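> Just a sequence and a predicted model for now, questions to come.
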Amino acid sequence: MPDKSGARAPDTSQARMHFDARVEPFWYWQVREKKTLGFFEGRRRRKRQEGIARAIHAALAGMGADPGDWDARSGETVCNLRLDRGAVLQDLRVFAASLDRQSATEIYQGNAQSRFLHLIKNRDRESYYLPVPFPEPIMVLVSDTKQFIPVGSSVRLLKELQEINRDLRVEATFKIKKMVDFFQASEDDILQYEARLGNDPNFWVKFGFVLMEKLARKSVESRLPVIFA
C-alpha cells in the first residue's frame, strides 16, 4: 500500500527495475541473495567484489584520501529506491551542467570542467558513492570484465546537490519535498506521478534531485556506500 508520500513499500520480488539504488553494507548482497546464488556463483561474486574493494582502496590511497571503513561496516539496508524507468537522473545532470554553462556529455567525457563532477560523472547502474570525501570521481577497473566502474563521494555529492538547490529551490516549489527510505514505483505509478505533479517543467529535474539527496544523505549519516545495481 502507498504511504503518505504516495510511495509503495518495496516488495520482496527480484524483478529488475531500471533504477535500483541501495544504501547498505558493501557485503550485504550475500545475505539478500543467499537463497538465489549457488556456491560457485557466490564465490565468483565474492572474488569480484574483493577486487573492486582493493581497486577502490588503491585509487583513494593514490590521491591521498583516507578510505575509512566503508567496506567493513555491517548491518542491513537502510535505504532502497527503485523505479521502473531508465535515465531517471538525466534531466538533473543536464540542469546541473547548465548552471556551469556546459554540456553534461562534455563533462562526463572529461572535455569540460564543472562544480558537479560527482553527480554528472557517474551513472545509474553498477556504480558506487562512498561516504568518503575525495575531490573527483574515480574509475576502477573490474578484472573479470575489463570494464571500468565509476565511484563518487556521497560527501561531495551532498555538497553539490546543496549548491544546485540554490537555483532549483525544491523545498519551495515541489510537492514531493522528502523521499521515504524505501520506495518502489512501477511504470503505472510513474504515470500517475507525472499526471499529478508533472505541470512543473522541471518535474524530473526535481524528482531526480529528491532521489539523489536522499541517497547521499543516508550514505553520509550511516557511513555506508550507495550501490547502484
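Perfect, thanks for sending it. Numbers count the residues shown, from 1 in each chain.
> C-alpha from now on. contacts and neighbour counts both.
Will do.
> which intervals of the protein have sub-threshold pLDDT?
Within the chain, the set of residues satisfying pLDDT under 70 comprises 1-17, 144-145, 177, 197-198.
> rerun at 80
1-17, 34-35, 143-146, 175-178, 193-194, 196-200 (pLDDT under 80).
> what are the ranges of the strands in it?
Here the chain has its strands, by DSSP state E, at 19-23, 79-83, 127-130, 138-142, 147-153, 182-185, 226-228.
> can you redo the ones you listed as a markdown table with distance to residue 114 and mean neighbour count?
Output for the strands of the chain, formatted as a markdown table (distance: least, C-alpha to C-alpha, whole Å; neighbours: other C-alpha atoms under 10 Å):
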| stretch | distance to residue 114 | mean neighbour count |
| --- | --- | --- |
| strand 19-23 | 24 | 23 |
| strand 79-83 | 27 | 20 |
| strand 127-130 | 18 | 25 |
| strand 138-142 | 15 | 18 |
| strand 147-153 | 14 | 20 |
| strand 182-185 | 30 | 20 |
| strand 226-228 | 22 | 23 |
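> Output the ones you listed in CSV, with distance to residue 63 appended to each entry.
CSV is the format used below for the strands of the chain (distance: least, C-alpha to C-alpha, whole Å):
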stretch, distance to residue 63
strand 19-23, 25
strand 79-83, 29
strand 127-130, 15
strand 138-142, 10
strand 147-153, 13
strand 182-185, 34
strand 226-228, 21
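> Tell me which of these lies nearest to residue 202.
strand 79-83 (18.3 Å; C-alpha to C-alpha).
> I'd say residue 160 and residue 119 touch.
Yes. When contacts are counted by C-alpha atoms under 8 Å, residue 160 is listed as touching residue 119 (7.4 Å).
> more crowded one of those two?
Ranked by neighbour count (other C-alpha atoms under 10 Å), residue 160 and residue 119 place residue 119 first, with 25 against 18.
> How far does stretch 158-168 sit from its chain's centre?
Stretch 158-168 has its C-alpha centroid displaced from the chain centroid by 16 Å (C-alpha atoms, centre = their mean, to the nearest Å).
> whoops, stretch 212-220 was the one
8 Å.
> ditto for stretch 139-147
The answer for stretch 139-147 is 19 Å, by C-alpha atoms, centre = their mean.
> now swap in stretch 114-122 and tell me
Per C-alpha atoms, centre = their mean, the centroid offset for stretch 114-122 relative to its chain is 12 Å.
> which other residues reach that stretch?
93, 96-97, 100, 102, 104, 107-108, 136-137, 150-153, 156-157, 160 (C-alpha atoms under 8 Å, 6 or more residues apart in numbering).
> Identify those among these that sit within helices.
Counting by DSSP state H, the contacts of stretch 114-122 place 93, 96, 97, 104, 107, 108, 156, 157, 160 in helices.
> Just flag the most distant two among the residues you listed.
Maximum pairwise distance in the ones in helices among the contacts of stretch 114-122, criterion C-alpha to C-alpha, is 17.9 Å, between 104 and 156.
> List the buried residues in the lengthiest helix in the chain.
Across the chain, the longest stretch assigned as helix under DSSP H is helix 39-62. Under the neighbour-count criterion of 16 or more other C-alpha atoms under 10 Å, helix 39-62 has 42, 48, 51, 52, 53, 55, 56, 57, 59, 60 buried.
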